[in-house]
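> dropping a prediction and its sequence here:
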Amino acid sequence: MFVDTSRTDSELAWKKFRNHGLVVEYEDKDNGANNKIIGFGCLVVEYKIRGYTSGHIEDVVIDEEWRGSGIGEKLIRALCEKAEEQNCYRVSLFCREELIPFYNKNGFEVNNVVMKKFFNQ
């Protein structure tokens, strides 16, 4: 499929590229302890060559003690809401195979194949 990129504004694409991190904290009011970070996720918003905006959810992690408590679902929902606010036409993510049921439960479907190239660092 050919895509005409002659009218693409690459400067605008970089200008519109942005990300939004979301931290989930727990405050133990009974013990007077400091807030503890129990979850994190990031939405990367990308301006596509055809003029659309796309979202990518990355770096989702929930503290082991809090898994299964619904925090992950709330975090994914909040990141998807942010993607909608940013006028993303879709949101995608990469995950390990064992996490597919979690993301299926949250409205995501397996689509295509992921290819990666790693660099020595």
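Cool, got the structure.
> got the CA coordinates for the helix ranked longest in the chain in PDB?
Ranked by number of residues, the top helix in the chain under DSSP state H is helix 71-85. The C-alpha trace of helix 71-85 is given here as PDB (Å, rounded to 0.1, in the frame of the first residue of the first chain):
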ATOM      1  CA  ILE A  71      -5.900  -1.500  40.500                       C
ATOM      2  CA  GLY A  72      -4.700  -2.700  37.100                       C
ATOM      3  CA  GLU A  73      -8.100  -2.400  35.500                       C
ATOM      4  CA  LYS A  74      -8.500   1.100  36.800                       C
ATOM      5  CA  LEU A  75      -5.100   2.100  35.600                       C
ATOM      6  CA  ILE A  76      -5.800   0.700  32.100                       C
ATOM      7  CA  ARG A  77      -9.200   2.500  32.000                       C
ATOM      8  CA  ALA A  78      -7.600   5.800  33.000                       C
ATOM      9  CA  LEU A  79      -4.900   5.500  30.300                       C
ATOM     10  CA  CYS A  80      -7.600   4.700  27.700                       C
ATOM     11  CA  GLU A  81      -9.600   7.700  28.800                       C
ATOM     12  CA  LYS A  82      -6.500   9.800  28.400                       C
ATOM     13  CA  ALA A  83      -6.000   8.400  24.900                       C
ATOM     14  CA  GLU A  84      -9.600   9.400  24.000                       C
ATOM     15  CA  GLU A  85      -9.000  12.900  25.400                       C
END
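> what's the average pLDDT for that helix?
Averaging pLDDT along helix 71-85 gives 95.
> what's that helix in contact with?
For helix 71-85, the external contacting residues (Cβ atoms under 8 Å, 6 or more residues apart in numbering) are 20, 22, 24, 38-39, 41-43, 45, 55, 57, 60, 62, 91, 102-103, 105-107. All C-beta spots, glycine's among them, are computed from the backbone N, C-alpha and C.
> now, of the residues you listed, which are buried?
Buried positions within the contacts of helix 71-85, assessed by neighbour count (16 or more other Cβ atoms under 10 Å), are 20, 22, 24, 38-39, 41, 43, 45, 55, 57, 60, 62, 91, 103.
> farthest pair in the residues you listed?
Farthest-apart pair in these is Ile38 and Val45; separation 24.7 Å (Cβ to Cβ).
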